[in-house]
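Participant: Build me a structure from this.
(one chain, ligands or ions: 1)
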Amino acid sequence: MTVPRWDDEAAWSRWRNQWDLRDDTIYLNHGSFGPSPRSVRAARRRWLDQLEQQPMDFLARRLEPAWLASRRKLAQFVGTIEQNLVFVENSTAGMNLVAHNFPLQVDEQVVLTNHEYGAVFRIWDRACRRKDAHLVTARLPQVIESAEHVVDSIFAAINQQTRLLVVSHITSATALILPIDAICHRARQMGVAVCIDGPHAPAQIPLNIDQIGCDFYTASCHKWLCAPFGSGFLTVAKPYQETFQPSQLSWGRMPPDQPEAWWDEFVWSGTGDRTPFLATSDAIDFFQDQIGLDAFRQRTHALARYARRRIVELVRCDVPFPDSPEWYGSMALVPLPRGEAKPLQNELWQQHGIEVPIIDFEQQRFIRVSCHLYNTPSQIDTLVEALRGHLQ
Ligand SMILES: Cc1ncc(COP(=O)(O)O)c(C=O)c1O
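Facilitator: Reported below is the predicted structural model:
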C-alpha cells in the first residue's frame, strides 16, 4: 500500500469520511475520548442486535467464543500471548486491578513520575495508604534532551524499599513518549516491578509488550485504536498470575465450565454489555487491513508536527522536548503564554467550535493537539487563527 503525501487532502479524505463527527465541531481531542470509524460502530451494532434479538443464545453460547477470538487478535496486536491478557473496560479498571492485587507490604514504596495521569495518582495514593506503604514521585527533567536523562531522573527516586514503578507509555498532560524499554530494562536489573499505564499507545505507536518485559500493562482501546467506548485490556506477567483476582467475582466461565486459569475469571464477570470487547477486533482490522498502521502514523504525526510548528511560530515558546517521532506521535504539545487554562479552552469551544484541551501542568499552561484521520491541516490553521485572537 503506497502512503499518500501527508498533505494530499484528496487522498486522505477517503479516511476522514469514515467518521460522523458533528459539523459544528473541530475535534482535536482524540487523546481524551476517541470516536470510532463507521466500520467499528457497525460491527458493535451487529453484536448488540444479536444480544437484543436472542439474549440467551448470545450470552450463553456466542459471547465466550467471540470474546476469545477478539482477545487472540488483540494479544497479537499488542505483542503478547493471549493467556497473559484480559479485557477490561478501560485503563482505569486495569490500574485498579493492579493496585488491588499487587503484594505491597508495610513501609514499601511505589514510585510514579510527576507526569502521571491524575486518577492514577489517586489509585496508588489510596493503595499505599491502605497498606501503610509510601508513594514517591520521581520528577522528570523540565527540559528533555535524552532517554538516559529521563531514565536517570526516574531511578534517582528508587531505593531498596521500592517494589513497583508506575509509568506512562505516553504521558497524558504532556503527550510525551517515554523510553519504556530502557526503563523496564533498568527496573529488571534492580528487581523492581513495572506497571505501564498505556492508554495512548495502542495504534499510535508500535507496541510489543513481551519485548518491553513489564509486569503489568494496562490500556484503553477507545483512544487511538478507535474501538468502542468501554474497551481496554490488562496484561499480567506470569509470576503474578496465580494469585491475580478480579475485584468483582462472578462465574468466571459460564457453568458447567469452571474457571481454571487466572484469566478465566475475567471472561464472565456478570451480565452486561461486552460488545465493545468484541468489536475491538474490528478496530484492529480497520488499522491493519484497511488504512495500514504506517500510513496512519505517518499522517497523524505529520499533522501533529504541523500543529506544533504553527503554534510555536505563533507563541514563540520552546517546546520542552525535541521535534522528533522518538518523543511524540499523534499529539502535539506546546507551552502557551501565562494565563488561565480552562477559560481559554471554553472560549475556543464556545466561540469557534474547537474542542482542544488547554492544560495546567507544573504551573505552566499548555495546549495539547490530538490529530487523527478525521483532522486536516486547515483545521489546525483555524485553531491557530483562533488562538491568535485570544492570546493577543
Ligand atoms: C495516561 C492516561 N492514563 C489513564 C487514563 C484513563 O483512561 P480511561 O479513562 O480510558 O480509563 C488516561 C485518560 O486520558 C490517560 O491519559
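Participant: Give me the below-cutoff pLDDT ranges for this structure.
Facilitator: Residue ranges of the chain with pLDDT under 70: 1.
Participant: dump the residue contacts of the spatially most central residue of it.
Facilitator: Closest to where the C-alpha atoms of the chain average out (CA atoms, centre = their mean) is Pro199, at 1.4 Å. The contact partners of Pro199, taken as CB atoms under 8 Å, 6 or more residues apart in numbering, are 90-91, 218-220, 223, 232. Yep, even glycine has a C-beta here, placed from its N, CA and C like the rest.
Participant: What is the burial count for Ala69?
Facilitator: 13 (other CB atoms under 10 Å).
Participant: Apologies, that question was intended for Asp318.
Facilitator: Neighbourhood size, Asp318 [other CB under 10 Å]: 10.
Participant: Name the nearest residue to it, sequence neighbours excluded.
Facilitator: Excluding the flanking residues, the one nearest Asp318 by CB to CB, 6 or more residues apart in numbering is Pro335, at 7.4 Å.
Participant: I'd guess Leu165 is in a strand, am I close?
Facilitator: Yes: under DSSP: H, G, I helix; E, B strand; the rest coil, Leu165 sits within a strand.
Participant: quick one: it from Leu303, how far?
Facilitator: 32 Å (CB to CB, to the nearest Å).
Participant: Please identify the buried residues of stretch 304-314?
Facilitator: The neighbour-count check on stretch 304-314 (16 or more other CB atoms under 10 Å) flags 304-308, 310-312, 314 as buried.
Participant: Same check on stretch 98-105?
Facilitator: So stretch 98-105, judged by 16+ other CB under 10 Å, has buried residues 98-99, 101-102, 104.
Participant: now do stretch 80-100
Facilitator: In terms of neighbour count (16+ other CB under 10 Å), stretch 80-100 has its buried residues at 80, 84-99.
Participant: start to end distance for stretch 234-241?
Facilitator: Using CA to CA, to the nearest Å, the end-to-end distance of stretch 234-241 comes to 12 Å.
Participant: Other residues contacting it?
Facilitator: 78, 80, 84-86, 88, 93-94, 97-98, 101-102, 209, 214-218, 244, 261-263.
Participant: repeat for stretch 315-330
Facilitator: By CB under 8 Å, 6+ apart, the residues outside stretch 315-330 that reach it are 30, 142-145, 147, 170, 174-177, 200, 204-205, 224, 297, 300-301, 303-305, 308-309, 312, 333-337, 370-372, 387, 391.
Participant: Separate out the buried members of those residues.
Facilitator: Buried members of the contacts of stretch 315-330, counted by 16+ other CB under 10 Å: 30, 144, 147, 170, 174-177, 200, 204-205, 224, 297, 300-301, 303-305, 308, 312, 333-336, 370-372, 387.
Participant: the strands in the stretch 151-300 of the chain, which residues?
Facilitator: Shown for the stretch 151-300 of the chain, the strands assigned by DSSP state E, counting those that start in this stretch span residues 162-168, 193-197, 216-220, 232-236.
Participant: re earlier: quickly check the contacts of Pro199 for the two that are furthest apart.
Facilitator: Thr218 and Lys223 (12.4 Å; CB to CB).
Participant: re the thing from before, and of the strands of the stretch 151-300 of the chain, who's closest to Gln54?
Facilitator: strand 232-236 (27.6 Å).
Participant: Just give me how far the closest one sits from the chain centre.
Facilitator: Mean C-alpha position of strand 232-236 versus that of the full chain (CA atoms, centre = their mean, to the nearest Å) differs by 12 Å.
Participant: Check stretch 116-136 too.
Facilitator: 20 Å.
Participant: Please see if it touches the ligand.
Facilitator: Yes: counting by CB under 6 Å from any ligand atom, the ligand is contacted by stretch 116-136 at 117, 120.
Participant: how about that stretch: buried residues?
Facilitator: Going by neighbour count (16+ other CB under 10 Å), the buried part of stretch 116-136 is 116-117, 120, 123-124, 127-128, 131, 133-135.
Participant: And for stretch 355-372?
Facilitator: Buried-residue list, stretch 355-372, by 16+ other CB under 10 Å: 355-359, 361, 365-372.
Participant: Just the closest of those residues to Arg188, please.
Facilitator: For these, the nearest to Arg188 is Phe361 (29.9 Å; CB to CB).
Participant: Is that closest one in contact with Ala175, as I believe?
Facilitator: No: applying CB atoms under 8 Å as the test, Phe361 and Ala175 come out as separate, 10.5 Å apart.
Participant: who in the stretch 1-150 of the chain is up against the ligand?
Facilitator: Contact residues (CB under 6 Å from any ligand atom) of the stretch 1-150 of the chain with the ligand: 32, 90-92, 117, 120.
Participant: rerun that using 8 Å as the cut-off
Facilitator: Neighbours of the ligand within the stretch 1-150 of the chain, by CB under 8 Å from any ligand atom: 31-32, 89-95, 116-117, 119-120.
Participant: I'm done for today, thanks for sticking with me.
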